[in-house]
Every structure is written in structure tokens, then in C-alpha cells.
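Colleague: the following comprises the amino acid sequence and a computationally predicted model.
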Amino acid sequence: MPTDAKRATVAQLKQAIAGSNAAIVADYRGLSVAELQAIRRSLRLSGVTYRIVKNRLARIAASEAGREELGDLLDGPTGLALGGTDEVALARAFLDAVRPYKAVTVRGGLIGDRRIDVDSVTRLAALPPREVMLAQLAGGIAAPLSAMASVISAPLRKLGYALSALAAQKGASEQAS
């Protein structure tokens, strides 16, 4: 029979899971309480919450939040990192926070309604920041346009050079006579 405390926990987890676009599931076995607090503190600075969850309650909350895919990752001691809307920042912050602790094992994650594996979490963290990606996109769009403008203006530029050379040649022939 569920207690009021368990219902409140499920409601909080459901709200946190539904409000987050991404989640990372990890095994925290072997960490001390002080190390878990250090990880939480580091993640909090990045806007990421890290919770130790009971698998049964987390499965219920994920199911109620419409994220059943998360239930497959909940096995054994589970830590759940939830972030805002930037999945790359979540993955980068989490992997940076747990890097000093070899005991932490990432099981996988969830982006939207899609489950991702450990390699995908690592690749996601390796992506450049959003601003850099937007700058690369803008550069990729602007480079061909700049090249096309140069090609289109080349005949006009060559005509200008030819006319200035002709004017210089006429000026030199008039001074010689």
C-alpha cells in the first residue's frame, strides 16, 4: 500500500521528469555521501539536478510523465540527472562532474522520448556549445554566397581594370606626342 510520502516522491519525480527534456541515468555505487554532495553541488551550478531515486518509484513517475523509455534504464542503485532544455549542457556538466569518480557508471539517457546509450551521451558532451555551432552554420551558409558574389562580380572588375589600363595607355601616348 503506497504511503503519502511515496505518493509525494512520485509526484515530485513526475514533475521533474516531465519538466526536463533530457535525463542521464547512472550507477552511483561506491560513492560516499560527501562525494555525492560534491557532484550535486557541481551540477547545481550548471542548472542540473541530481537525485538518487528508488527504481520502482522512478518507473511509476516516468510512466506517469509519459517517458516509459526511462524505465528500462532503472536497474540497481540509480542516480538520475535532469536538466533543462539544453541536452548538450546536461551531458557535458554531468560527465565533467563525475569524471573524478571512477565508481560512477553511466547507463544511458533520454532525450525527449528517445533513449540513448552511453556512447551517445559521451558524443553529446563532446559537441561544441550552441553558439559555436550557430557560428559554424552561419559561416557554412555565408561562404558559398561570398564565393558566388565574387564570381559574379569578376567580369565587371576585369572590365574596370581593362578600362583603367586603356585610359593609362592613352594618357601615356598623349604625353609622348
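Modeller: The structure has been received and is ready for your questions.

Colleague: contact partners for residue 159?
Modeller: With contact taken as C-beta atoms under 8 Å, 6 or more residues apart in numbering, residue 159 is in contact with no other residue. In this view, the C-beta of every residue, glycine as well, is placed from N, C-alpha and C.

Colleague: what about the strand or helix carrying it, average pLDDT?
Modeller: With elements taken from DSSP states H and E, the one containing residue 159 is helix 130-176. Across helix 130-176, the average pLDDT comes to 80.

Colleague: show me how far that helix is from its chain's centre.
Modeller: When distances are taken as C-alpha atoms, centre = their mean, to the nearest Å, helix 130-176 is centred 40 Å away from the chain's centroid.

Colleague: ditto for stretch 121-139
Modeller: Distance, centroid of stretch 121-139 to centroid of chain: 8 Å (C-alpha atoms, centre = their mean).

Colleague: tell me which residues are up against it.
Modeller: 24, 86-88, 91-92, 94-96, 106, 108-109, 111, 116.

Colleague: domain parsing for the chain?
Modeller: 4-127, 129-177 (automatic domain parsing).

Colleague: low-confidence stretches in this structure?
Modeller: Confidence mapping of the chain against pLDDT under 70 gives the ranges 1, 84-85, 177.

Colleague: residue boundaries of the strands in it?
Modeller: 22-27, 49-53, 78-83, 105-111, 114-116 (DSSP state E).

Colleague: what packs against the second one?
Modeller: Packing contacts for strand 49-53, counted by 3 or more C-beta pairs under 8 Å, 6 or more residues apart in numbering; DSSP states H and E, involve helix 4-19, helix 33-45, strand 78-83.

Colleague: pick the most deeply packed of these.
Modeller: Mean neighbour count (mean count of other C-beta atoms under 10 Å) peaks for strand 78-83 among these, with a mean of 24.

Colleague: now the most centrally placed residue in the chain. Nearest residue, chain neighbours left out?
Modeller: In the chain, the centroid-proximal residue (C-alpha atoms, centre = their mean) is residue 88; its distance is 1.5 Å. Nearest-residue entry for residue 88: residue 127, 5.0 Å, with adjacent residues in sequence omitted and distances by C-beta to C-beta, 6 or more residues apart in numbering.

Colleague: do the same with residue 87
Modeller: In space, residue 87 is closest to residue 22, 4.1 Å off (C-beta to C-beta, 6+ apart).

Colleague: residues in contact with that neighbour?
Modeller: So residue 22 contacts 82-83, 87, 90-91, 109-112 (C-beta under 8 Å, 6+ apart).
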